[in-house]
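Peer 1: Fold the following for me, if possible:
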Amino acid sequence: MQMGADIQKTDKIYVAGHRGLVGSAIVRNLREKGYQNIVGRSHSELDLTNQAQVKAFFEEEAPDVVVLAAAKVGGINANNTTPADFAYENMQIQCNVIKSAHDAGVKKLLFLGSTCIYPKLAPQPIPESALLTGPLEQTNEAYAIAKISGLLMCRFFKRQYGDNFISCMPTNLYGPHDNYDLNGSHVLPAMIRKFHEAFCEGKPFVELWGTGSPLREFLYVDDMADACVFLLEHYDGEEHVNIGTGKEITIRELAEKVKAVTGYKGEIHWNDSMPDGTPRKLTDVTKLHELGWQHKVELEEGIELAYKWFVENEGEARR
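Peer 2: The predicted structure follows:
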C-alpha cells in the first residue's frame, strides 16, 4: 500500500511535543531518514492550549506536515488525582492543533493517541475495531476520552473536508527522555528509578504498587517513532492504526527484568492495597504488520538501553 508518496524530504514538518519521550524519538527518526526541515517549539515558546497562539504559529510557519505528539501524560496516580486537568489540557491541545492544521492547509497530519482508548475488558489482543464497544478503565478515563476525541476529530475532518489526517495508537512506551518523576511516571521508568536508587542506597527492599499480575505490552520508543514515520509515508486510511509488539509480560516478570538490569539484589514487596489498573492490554498489530512494519527492539535490550540513558542523564531525567 503506497499512498503517502506526497510526503517529501524537503517538507517542513512540525513535531508538536518535540522534546518529550515520543516527539524527540520521532524527530530522531525523521532526521535519520533524511527529513531535515523539522520545526519544534517548547512550551514556553508556544502554549498549545492557547488557541490564538497556535493559530498565529500555523499562519507564520505554514508547516507542510504535522505530527501531534504533544500531550499531558502520566501514570495511574496522576490520572486518578487530576482527571479534569488531563481531559481539559489534552482536548485543548488537540482542538487547537487539528483545526489550525486544517485552516493552514497542512497536507498531512499524524495524531498520536494511546491504547488506553480501548474498553477495560476489550477482547485480547485488542483490534482497532474494539474502539467504543464498552466502558473504559476508570483510572485513566479522562485521558482516554480526550484521545478518543482527537482520533475521531481527525476522522471527521477527513470525512467532511478530505483532510489527510491519520491516527495511530501506540502501546506502552519507554526509552530515552522518558518521565522518571515517581509522582507522574509510567510503570517501567518508575521501576528503573526505584531499583536504581535502591541499588545505590543499599535498600533491603523495593515497594511496587499492586499485585504484579496485570499483563502489559511495552514498545521501545525508537521503534514507535519508526512506525510513525512509516505511516506518514505509507498510510492514508480513515481508521486509526495500533502500534505495538503484539507481545506481553506480567508486571511481576517485568520487575524481575528491571531488577536484573540494574543489578539490585534486594527483595520486591508488592503493595496490593494500591490499584493494578487494567488486567490485560495487548494490541492486535495485524494491520500494521500487513502494511509492512514490525518492531525491532526486544524488551530485554530495550530495558538495557533505557537504563543506560537514565544513568547517563540522571540529573536531567525529568525527576
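Peer 1: so where is the stretch 51-200 of the chain shaky, pLDDT-wise?
Peer 2: Applying pLDDT under 70 to the stretch 51-200 of the chain flags the ranges 184.
Peer 1: likewise the stretch 201-319 of the chain?
Peer 2: In the stretch 201-319 of the chain (pLDDT under 70), the answer is 317-319.
Peer 1: can you map out the helices along it?
Peer 2: Assigned by DSSP state H, counting those that start in this stretch, the stretch 201-319 of the chain shows helices spanning 221-234, 251-262, 286-291, 299-312.
Peer 1: Just put these in CSV and tack on mean neighbour count and distance to Ser42.
Peer 2: No exception for glycine: its C-beta is placed from N, CA and C like everyone else's. Formatted as CSV, the helices of the stretch 201-319 of the chain follow (neighbours: other Cβ atoms under 10 Å; distance: least, Cβ to Cβ, whole Å):
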stretch, mean neighbour count, distance to Ser42
helix 221-234, 23, 19
helix 251-262, 19, 31
helix 286-291, 16, 31
helix 299-312, 17, 20
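Peer 1: Once you drop chain neighbours, what's closest to Arg155?
Peer 2: In space, and not counting its chain neighbours, Arg155 is closest to Glu238: 5.5 Å by Cβ to Cβ, 6 or more residues apart in numbering.
Peer 1: buried residues in whichever strand or helix holds His102?
Peer 2: For His102, the host element (DSSP states H and E) is helix 83-103. By 16 or more other Cβ atoms under 10 Å, the buried positions in helix 83-103 come out as 83, 86-87, 89-102.
Peer 1: Mind pulling up the pLDDT for Met1?
Peer 2: Looking at Met1, its pLDDT reads 28.
Peer 1: Is Ala122 in contact with Thr133, as I believe?
Peer 2: Yes - assessed by Cβ atoms under 8 Å, Ala122 is found in contact with Thr133 at 7.0 Å.
Peer 1: In terms of neighbours, single out the busier of those two.
Peer 2: A count of neighbours by other Cβ atoms under 10 Å puts Ala122 above the other of Ala122 and Thr133, at 24 against 12.
Peer 1: Quick one: residues contacting that one.
Peer 2: 130, 133-134 (Cβ atoms under 8 Å, 6 or more residues apart in numbering).
Peer 1: ok, the residue nearest to Arg155 touching Phe157?
Peer 2: No - counting by Cβ under 8 Å, Phe157 is not a contact partner of Glu238; they are 10.4 Å apart.
Peer 1: out of the two, which sits in the more crowded spot?
Peer 2: Neighbour comparison, Glu238 and Phe157: the larger count goes to Phe157, with 18 against 12 (by other Cβ under 10 Å).
Peer 1: what's near enough to touch the more buried one?
Peer 2: Neighbouring residues of Phe157 by Cβ under 8 Å, 6+ apart: 98, 102, 163, 165.
Peer 1: Which two among the residues you listed are spaced furthest apart?
Peer 2: Farthest pair in those (Cβ to Cβ) is Ile98 and Asp163. Separation: 8.8 Å.
Peer 1: between those two, what contacts are shared?
Peer 2: Taking Cβ under 8 Å, 6+ apart as the criterion, Ile98 and Asp163 both touch 109, 154, 157.
Peer 1: Tell me if I am right that the last one is in a helix.
Peer 2: What it means is Phe157. Yes - according to DSSP: H, G, I helix; E, B strand; the rest coil, Phe157 belongs to a helix.
Peer 1: so how far is Tyr14 from Leu68?
Peer 2: Going from Leu68 to Tyr14 by Cβ to Cβ, to the nearest Å gives 9 Å.
Peer 1: can you put the helices of the stretch 201-319 of the chain in TSV and add distance to Asn183?
Peer 2: Output for the helices of the stretch 201-319 of the chain, formatted as TSV (distance: least, Cβ to Cβ, whole Å):
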stretch	distance to Asn183
helix 221-234	21
helix 251-262	19
helix 286-291	33
helix 299-312	17
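Peer 1: Looking at those, spot the one closest to Arg280.
Peer 2: helix 251-262 (10.9 Å).
Peer 1: what packs against that closest one?
Peer 2: helix 187-201, strand 205-209, strand 215-216, strand 267-271, helix 299-312 (3 or more Cβ pairs under 8 Å, 6 or more residues apart in numbering; DSSP states H and E).
Peer 1: Which parts of the stretch 1-150 of the chain are strands?
Peer 2: 13-16, 38-39, 65-68, 108-112 (DSSP state E, counting those that start in this stretch).
Peer 1: CA atoms of the last one as PDB?
Peer 2: What follows is strand 108-112 as a C-alpha-only set of coordinates in PDB (Å, rounded to 0.1, in the frame of the first residue of the first chain):
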ATOM      1  CA  LYS A 108      -0.800  15.600   6.200                       C
ATOM      2  CA  LEU A 109      -1.200  15.200  10.000                       C
ATOM      3  CA  LEU A 110      -0.500  12.300  12.200                       C
ATOM      4  CA  PHE A 111      -2.300  12.200  15.600                       C
ATOM      5  CA  LEU A 112      -0.800  10.000  18.300                       C
END
